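Student: Mind folding the following:
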Amino acid sequence: MSKLLQRFKPVEHNFELPLFVTIFTVAFLVAAPDARWSRYASIFLLATSILLSLHASEVVRARRHVAMVVIAIGVALAAYGNSVSGAHNIRGVGELIVVFPLILAATKVVMWIGRQRVITGQAVIGGLLVYLLIGLMFGQIYGGIIDLSDIQFFCQHATTRASDRVYFSFITITTTGYGDFTPCTRIGHSFAMAEAMFGQIYLVTIIALLIGNIGRERMPRDEIEAKAKAAATKSDSPS
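Tutor: Predicted coordinates:
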């Protein structure tokens, strides 16, 4: 039992716990009922997922504190919008604010992967974590657009829940497209198209490259540049 707890202890350069929490967050967001307690729990889980991802990717404490402040502002606005009738505009602003820490977390995980000399299982787990964080990010964007706009976003549904938005986001990023939720607006079309393109390209390039190169040592950039210069000098020299 102690070994299992140690395995899932929040530590730097270990993405197992952030991935587990993020998967649980996605599942909870989709399956939870549309109640006030579940909305608060969803906000807490999302914030936890972001902070764990930042910690695992070795982000310095000062930047993590800044991210915590931004998350707190977004969470406070979203919570206020959830608790006060007719305050959906404030909730929408809060949802969009949380987008920035999600982008930061995904970016920092990618940068951590790029610094690794050897592609390990943690790099693959980090790559999968980025995929889920981007899916959550688009879910927040859809929620912010819906709450800030009076125009119907989905053609089939006049009103939507948070679970519907996250469901639509992951159906889109996986390019499944069941058709039960279809955006009607141009901005909805744009974001859905961008998410679908990202999801398709990311899986067949980044994830495929990481899995295909597990255990291989990457050549540092300075060595690559030195070899390129040497090859260029050799080709330019007279025979």
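
Student: who's in contact with stretch 72-86?
Tutor: Residues outside stretch 72-86 that contact it (C-beta atoms under 8 Å, 6 or more residues apart in numbering) are 36, 39-40, 43, 47, 87-98, 101, 147. In short, each C-beta sits where N, CA and C put it, glycine included.

Student: And the strand or helix carrying Ser190, how far out from the chain middle?
Tutor: In the assignment (DSSP states H and E), Ser190 maps to helix 186-202. The chain centroid and the centroid of helix 186-202 are separated by 14 Å under C-alpha atoms, centre = their mean, to the nearest Å.

Student: Against which helices or strands is the next helix or strand after it packed?
Tutor: Next helix or strand after helix 186-202 toward the C-terminus (DSSP H and E): helix 208-212. Packing contacts for helix 208-212, counted by 3 or more C-beta pairs under 8 Å, 6 or more residues apart in numbering; DSSP states H and E, involve helix 121-148.

Student: sorry, back to before: which other helices and strands contact the helix holding Ser190?
Tutor: Secondary-structure packing of helix 186-202 (3+ C-beta pairs under 8 Å, 6+ apart): helix 121-148, helix 162-173.

Student: sorry, back to before: which among the contacts of stretch 72-86 end up buried?
Tutor: 39, 43, 47, 87-88, 90-98, 101, 147 (16 or more other C-beta atoms under 10 Å).

Student: From the residues you listed, which shows the smallest pLDDT?
Tutor: Here the lowest pLDDT out of the buried ones among the contacts of stretch 72-86 sits on Ala87, with 70.

Student: got a list of what it touches?
Tutor: Counting by C-beta under 8 Å, 6+ apart, Ala87 makes contact with Tyr80, Gly81.

Student: ok, it to Ser149 distance?
Tutor: Per C-beta to C-beta, to the nearest Å, Ala87 is found 15 Å from Ser149.

Student: cool, Ala196 as well?
Tutor: Ala196 is 21 Å from Ser149, where distance means C-beta to C-beta.

Student: Between those two, which is the more surrounded one?
Tutor: For Ala196 and Ser149, the more surrounded residue by other C-beta atoms under 10 Å is Ala196, and the numbers stand at 18 against 15.

Student: Flag the shaky bits of the chain, pLDDT-wise.
Tutor: Along the chain, the parts satisfying pLDDT under 70 run over 1-12, 86, 218-239.
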